[in-house]
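using only what follows, build the 3D model:
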Amino acid sequence: SIFSDCRQGYSGANQALALKRCCPSGKCNNNNTNNNGTMFTHPDEQCLDGYSGALCLVCATNYVKQGTTCLECSGGAIFLNAFLSMIGFAVAVFLLLLVIFLLAPSRKSADTGSGIFGQIKIILSFMQILAAMPGVFDNVPWPLPFVNFTFSLNFVNLDFLSVFMKSSCSLSVPFLDQFVLHMVLPVLLMFSVLLAHVCSRCCLKANKDKLKRGSELKYQLLLLGVLFLYPGLATSIFSVFRCKDIDGIDGRVLVADFSIRCDEPTHNLYLVVAGAFLGLYILGIPLFMFLMLWRNRKHLHAKEEDKEVTKEHLAVKARYGGLYLQYEPKYWWFEMVVILQKMIMTGAMCVVAQGSSVQLLIAIMVMLMYMLLVLKTAPFEADSEDWTAFVACVALTLTTIGGFALIMDNPTTRTYESAVLAVILIGINVFCIAIEILIVVFVDCGLGERCQRRCRGGGGDEKTGKNSKVLPVTVEKQNRIDAAADRAWE
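Below is the predicted model of the structure:
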C-alpha cells in the first residue's frame, strides 16, 4: 500500500525530529527520498521503534511519553498510580501546613516579610511564563539547552507529575489523563489547607493569638496556592482546545496528544469539561479576587487614626493583603492585570494563530503593552518592585523576540546558530533572575543601606582620624533651626 510519508507533516517545523523518527535507515523503501508516498504495509512501519501514529509522535504500545521522547515501559502508564501519587503529594502538603499552622509566626514577623513576599510574587510570575514558553510556542525550533533550562523551572507551576514521571514510567499517563489530574489538584490542595487548619485549631484551643493568626494564615496560603497553580491550569485547559491539521491525515489531531482526533466524541466530551473549568478557574479566580477587593475597597487602606474602620481594615488586610498591599492605593486592582497577563502568555496564546509567526508577534505586542503599562503607572508601592517587574518584562520580551526570529528563519539554511542563540536566551533570563535577587538582597533586605552606613561610619574624619557621630535632632530643635534659617534669609 502507499501511505503519506510522515516527513511531510514536519515541513518547515522541525526537520531534525522528522529525520530522526520518520523513515530511519532500513524502515522505508526509497529511504533517501522525501516523496509524498512510500510503499509499506502499515503506516507505523515508517516510524522509529517505540513511535507510531501521526508524524510518528504517538508512543507505541508498552511505551510512554516523557517530554518529547517515548521510552519503553512494560504495561504502560497506569492512571491509578498517578492518582495515588497525587494523593500522596496532597498528604505531604497537609503535614507541612499542619506544622506551619502550629508554629505560626507572629503578625509582626509576618509584616516584616511582607515586602519580600511582593518581590517573590514578581519573580514567580516571571519564571512561570518563562517555563511555559516552549510548550505554548511549540512550533518554534527552540534550542534544546534552552528547553531543558525552562523544563527545570516547571516546579513553579506545581507540575509535580512531570517530576514524578522521571521516577516511574507507570506515572507517565497520556495528556487527557494529566488534564483530569491537574483539574483535581486545586481541590485536593485546598482540602489539605482547610484540614490542616482545622487540625491545628484542635491542638491550639488555649492559645487565642495563634488561633487568630492561623485563620489569617489560612487565607494567605490559599492565595499563594492560587498564584502557583493558575498558569499551569491555564496551559492545561487551553491545550484541550488546541488542534492541528496534518498533511495526509483526515481531520485534525490534538497537539498535546496526536493519538486523539479532534471533534470526535472523546475529544468533544473533554471540550465540555475544559469549558467548565475555564469558567470556574481561569475566569472565576480573577473575578472572585476582584469582587472581594471591590466589596472591601473602603477598608483596603484605612488610616490608623480612623478608629471606626481599623478593625475592618485589619481583617481585610489579613485576608486579602497579598492581593493589593504591594501596590499603590489607586492601583489596588493591578493584581488582576498581572493574572490576566499570565493567562494570556501561558494559556490563551496556545490557540491564537497557533504555529505561525503571527502568534509570536501577538505575544510580543502583549509583552510590550504590559511593559509600557508598568513603566507608565509604576503601580508598586516600592520602587524596587517597579524595577524588578520592569527587568522581568524586558527579559520575557527579548525571549519572545528570539522565538520570533527562530520561527521566521529559513529551516534549510539557518541564519541563527542554535548553540549561540541558546547561550543568549539562557543568559538573558539567568541575568534577569540574578538582577532580581540582587534587588531583593540589597534594597528590600537593606544590605545595600547597611554597607553604605558602614562605609560612612568606618571612614572616620579625614583630619582627626576619629569616627564621626550623628547626633539625634528632635522635632523641636529642628523647628528652631528652620526658624533661625528663615530669619537669616530675611
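
ok, the most centrally placed residue in the chain - contacts?
Nearest to the mean C-alpha position of the chain, counting by CA atoms, centre = their mean, stands Gln128 at 1.8 Å. Gln128 makes contact with 156-157, 231-232, 342, 346 under the criterion CB atoms under 8 Å, 6 or more residues apart in numbering. The way it works is simple: take the backbone N, C-alpha and C, and place the C-beta from them, glycine included.

could you list the buried residues of the helix or strand harbouring Ala131?
According to DSSP states H and E, Ala131 maps onto helix 114-136. Buried positions in helix 114-136, judged by neighbour count with 16 or more other CB atoms under 10 Å: 115, 118-119, 121-136.

can you redo the contacts of Gln128 as TSV with pLDDT?
What follows is these, written out as TSV (pLDDT from 0 to 100):
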residue	pLDDT
Val156	80
Asn157	75
Pro231	90
Gly232	88
Lys342	93
Thr346	91
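
surely Ala363 touches Met345?
Yes: Ala363 is in contact with Met345 according to CB atoms under 8 Å; the separation is 6.6 Å.

which other helices and strands does whichever helix in the chain runs longest contact?
In the chain, assigned by DSSP state H, the helix with the most residues is helix 208-240. Packing partners of helix 208-240 (3 or more CB pairs under 8 Å, 6 or more residues apart in numbering; DSSP states H and E): helix 79-102, helix 107-112, helix 114-136, helix 175-203, helix 265-277, helix 307-324, helix 334-346.

tell me how far the closest residue to Ala274 other than its chain neighbours lies from Pro286.
Leaving aside its chain neighbours, Ala274 sits nearest to Val240 (3.9 Å; criterion: CB to CB, 6 or more residues apart in numbering). Distance, Val240 to Pro286, using CB to CB, to the nearest Å: 20 Å.

could you do Ile439 as well?
27 Å.

what about Leu325, neighbour count?
17 (other CB atoms under 10 Å).

phi and psi next, for it.
Main-chain torsions, Leu325, degrees, to the nearest 10: phi -60, psi -30.

that one and Phe380 touch, don't they?
No: the pair Leu325 / Phe380 is not scored as a contact, 10.3 Å apart, by CB under 8 Å.

overlap of the contact sets of the two?
Gly118.

how many residues are close by the closest residue to Leu278 other than its chain neighbours?
Excluding the flanking residues, the one nearest Leu278 by CB to CB, 6+ apart is Ile237, at 5.3 Å. Ile237 has 25 neighbouring residues, counting by other CB under 10 Å.

over to the one 4 residues further on?
By the criterion of other CB under 10 Å, Phe241 has 20 neighbours.

hang on, it packs against Cys350?
Yes: Phe241 is in contact with Cys350 according to CB under 8 Å; the separation is 7.5 Å.

surely the residue nearest to Leu278 touches Ile282?
Yes: Ile237 lies in contact with Ile282 (CB under 8 Å); the separation is 6.1 Å.

picking up where we left off before, closest to Leu176 among the contacts of Gln128?
Gly232 (15.9 Å; CB to CB).

what residues are up against the closest residue to the closest one other than its chain neighbours?
For Gly232, ignoring the flanking residues on the chain, the nearest one in space by CB to CB, 6+ apart is Asn157 at 3.7 Å. Counting by CB under 8 Å, 6+ apart, Asn157 makes contact with 128, 131-132, 228-229, 231-232, 235.

out of those residues, who's nearest Gln452?
Distances from Gln452 to the contacts of Asn157, taken by CB to CB, are shortest for Gln128, at 34.4 Å.

and the closest one, how far from Gly214?
From Gln128 to Gly214 the distance is 28 Å (CB to CB).

what pLDDT does the residue found closest to Leu340 once you drop the neighbours it is linked to in the chain get?
What sits nearest to Leu340 in space, not counting adjacent residues and going by CB to CB, 6+ apart, is Pro286, at 6.7 Å. Pro286 carries a pLDDT value of 93.

Pro286 sits in which helix or strand?
helix 284-295.

that helix to helix 208-240, inter-axis angle?
Going by axes from the mean of the first three to the mean of the last three CA atoms, to 10 degrees, helix 284-295 is angled at 140 degrees with respect to helix 208-240.

show me what counts as buried in helix 284-295.
In helix 284-295, counting by 16+ other CB under 10 Å, buried: 285-286, 289-290, 293.

touching, Thr400 and Leu360? I think so.
Yes: using CB under 8 Å, Thr400 is in contact with Leu360, at 6.3 Å.

hmm, Trp332 is touching Tyr324, no?
Yes: using CB under 8 Å, Trp332 is in contact with Tyr324, at 4.4 Å.

the more surrounded of the two?
Neighbour count, other CB under 10 Å: between Trp332 and Tyr324, Tyr324 has more, with 24 against 21.

so where's the stretch 101-250 of the chain uncertain?
Within the stretch 101-250 of the chain, the stretches with pLDDT under 70 are 105-115, 160, 163, 206, 247-249.

spit out the contact partners of Phe94.
Phe94 touches 192, 195-196, counting by CB under 8 Å, 6+ apart.

now it: closest residue in space that isn't a chain neighbour?
Counting by CB to CB, 6+ apart, the residue nearest Phe94 is Ser192, at 4.1 Å.

so where does Ser259 fall, helix or strand?
Per DSSP H and E: strand 257-261 holds Ser259.

any stretches of the stretch 351-490 of the chain with poor pLDDT?
457-490.

let's see that with 50 instead.
The model of the stretch 351-490 of the chain has pLDDT under 50 over residues 459-471, 473.

what are the boundaries of the helices in it?
Applying DSSP state H, counting those that start in this stretch to the stretch 351-490 of the chain gives helices spanning 357-377, 383-408, 418-439, 447-459, 475-489.

now render these as JSON lines, adding distance to His182 and mean neighbour count.
Shown next, in JSON lines, are these (distance: least, CB to CB, whole Å; neighbours: other CB atoms under 10 Å):
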{"stretch": "helix 357-377", "distance to His182": "23", "mean neighbour count": "17"}
{"stretch": "helix 383-408", "distance to His182": "24", "mean neighbour count": "20"}
{"stretch": "helix 418-439", "distance to His182": "25", "mean neighbour count": "16"}
{"stretch": "helix 447-459", "distance to His182": "39", "mean neighbour count": "11"}
{"stretch": "helix 475-489", "distance to His182": "59", "mean neighbour count": "9"}
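
Throw those into JSON lines and include distance to Phe94, thanks.
As requested, those are exported to JSON lines (distance: least, CB to CB, whole Å):
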{"stretch": "helix 357-377", "distance to Phe94": "36"}
{"stretch": "helix 383-408", "distance to Phe94": "32"}
{"stretch": "helix 418-439", "distance to Phe94": "31"}
{"stretch": "helix 447-459", "distance to Phe94": "36"}
{"stretch": "helix 475-489", "distance to Phe94": "53"}
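
between these, which gets nearest to Gln66?
Taking the helices of the stretch 351-490 of the chain one by one with CB to CB, helix 418-439 is closest: 21.4 Å.

okay, that closest one in PDB with CA atoms only?
Extracted as PDB, the C-alpha positions of helix 418-439 are listed here (Å, rounded to 0.1, in the frame of the first residue of the first chain):
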ATOM      1  CA  SER A 418      21.300  27.100  17.600                       C
ATOM      2  CA  ALA A 419      24.100  26.900  20.200                       C
ATOM      3  CA  VAL A 420      24.800  30.700  20.100                       C
ATOM      4  CA  LEU A 421      21.100  31.500  20.500                       C
ATOM      5  CA  ALA A 422      20.800  29.000  23.300                       C
ATOM      6  CA  VAL A 423      23.500  30.800  25.200                       C
ATOM      7  CA  ILE A 424      21.900  34.200  24.500                       C
ATOM      8  CA  LEU A 425      18.400  33.100  25.600                       C
ATOM      9  CA  ILE A 426      19.600  31.400  28.700                       C
ATOM     10  CA  GLY A 427      22.000  34.300  29.500                       C
ATOM     11  CA  ILE A 428      19.200  36.900  29.300                       C
ATOM     12  CA  ASN A 429      17.000  35.000  31.700                       C
ATOM     13  CA  VAL A 430      19.700  34.000  34.100                       C
ATOM     14  CA  PHE A 431      20.900  37.600  34.200                       C
ATOM     15  CA  CYS A 432      17.300  38.700  34.900                       C
ATOM     16  CA  ILE A 433      16.900  36.300  37.800                       C
ATOM     17  CA  ALA A 434      20.300  37.400  39.200                       C
ATOM     18  CA  ILE A 435      19.400  41.100  38.900                       C
ATOM     19  CA  GLU A 436      16.000  40.500  40.700                       C
ATOM     20  CA  ILE A 437      17.800  38.600  43.500                       C
ATOM     21  CA  LEU A 438      20.300  41.400  43.900                       C
ATOM     22  CA  ILE A 439      17.500  43.900  44.100                       C
END
